[in-house]
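Participant: Generate coordinates for the sequence data below:
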Amino acid sequence: MGVDDQPDRPLRSLRHEFARAQGKLGHSGHPVDLVAVVLVDGECRDDERGRSITCYGALHVRMVDGDPAFSSHHVSTGRPADRLRILRRLADLCDGRNVVLGSPDAHETFWDRRHVLRAGVGFLDAMVGFKGNRPSDLSLVGTPEAAMIELASGFGLPNCYETDIMRQARCADVRAQLVWLAYVVSKAGRKEARELFAAFRAWKALENARPLPF
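Facilitator: Next up is the predicted model:
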């Protein structure tokens, strides 16, 4: 009998907490179908072999009867031949949804915001070949890194202050979660943000409690 057939008490408790946190949400101003994305696509400059990496992290948030349903994605390849396949998966994920895009690069000043614009251009260039797949909307998140670090600390997430492209790829999924949290801070009212954050915390605790695959 598997773990899902006979869950232990802590896991049952976390599921109850998640359901209870979801149940508190009423009508939400949050987009009905949203994907927060961090795309890492380039070459490792410090590698003598010139290794390339194509990777995306994404947090998909769907509002179902006013309640958020979360799913996390982390897909990567170091093979140039697989690049288009990875980008097509991202295009499929973004199709018809609100896309909230963050940069894998940290930025601390106004002039650093060029990283955000570069991320936007890079995303559009990567998606241009898949003309049948279009986001319904695209927003760029330019939250200063100090605020991102504070969000990571407050939600028990790893710090994603990385400059090396390989390390950026490793934490792209967590970075996407931070991008969504920053988006909620900037767009939602206090009550809605509090309820969305409570649901996210409960979902994250449930995810962390899942047994590791072997």
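
Participant: Which strands or helices does the biggest strand by length in the chain pack on?
Facilitator: In the chain, with assignment by DSSP state E, the single longest strand is strand 52-64. Judged by 3 or more C-beta pairs under 8 Å, 6 or more residues apart in numbering; DSSP states H and E, the packing partners of strand 52-64 are strand 33-43, strand 67-77, helix 83-94, helix 165-170, helix 172-187. Quick note: C-beta positions are derived from backbone N, CA and C, even for glycine.

Participant: any idea of the angle the top helix by length along the chain forms with helix 172-187?
Facilitator: As assigned by DSSP state H, the longest helix anywhere in the chain is helix 190-209. Computed by axes from the mean of the first three to the mean of the last three C-alpha atoms, to 10 degrees, the angle separating helix 190-209 from helix 172-187 equals 170 degrees.

Participant: got the contact list for the residue positioned nearest the centre of the chain?
Facilitator: Taking C-alpha atoms, centre = their mean, the centroid of the chain lies closest to Ala176, which sits 2.4 Å from it. With contact taken as C-beta atoms under 8 Å, 6 or more residues apart in numbering, Ala176 is in contact with Ala36, Val37, Val38, Tyr56, Gly57, Ala58, Leu59, Ser72, Gly102.

Participant: excluding its backbone neighbours, what's nearest it?
Facilitator: Gly57 (4.0 Å; C-beta to C-beta, 6 or more residues apart in numbering).

Participant: and the gap between the one you found and Cys160?
Facilitator: 9 Å (C-beta to C-beta, to the nearest Å).

Participant: what do those two both touch?
Facilitator: Cys171, Val174, Arg175.

Participant: where are the low-confidence patches of this protein?
Facilitator: Scanning the chain for pLDDT under 70 picks out 1-28, 45-50, 109-112, 212-214.

Participant: My read is that Leu59 contacts Ser72, right?
Facilitator: Yes: with contacts counted by C-beta atoms under 8 Å, Leu59 reaches Ser72, the gap being 5.6 Å.

Participant: Thank you kindly, that will do.
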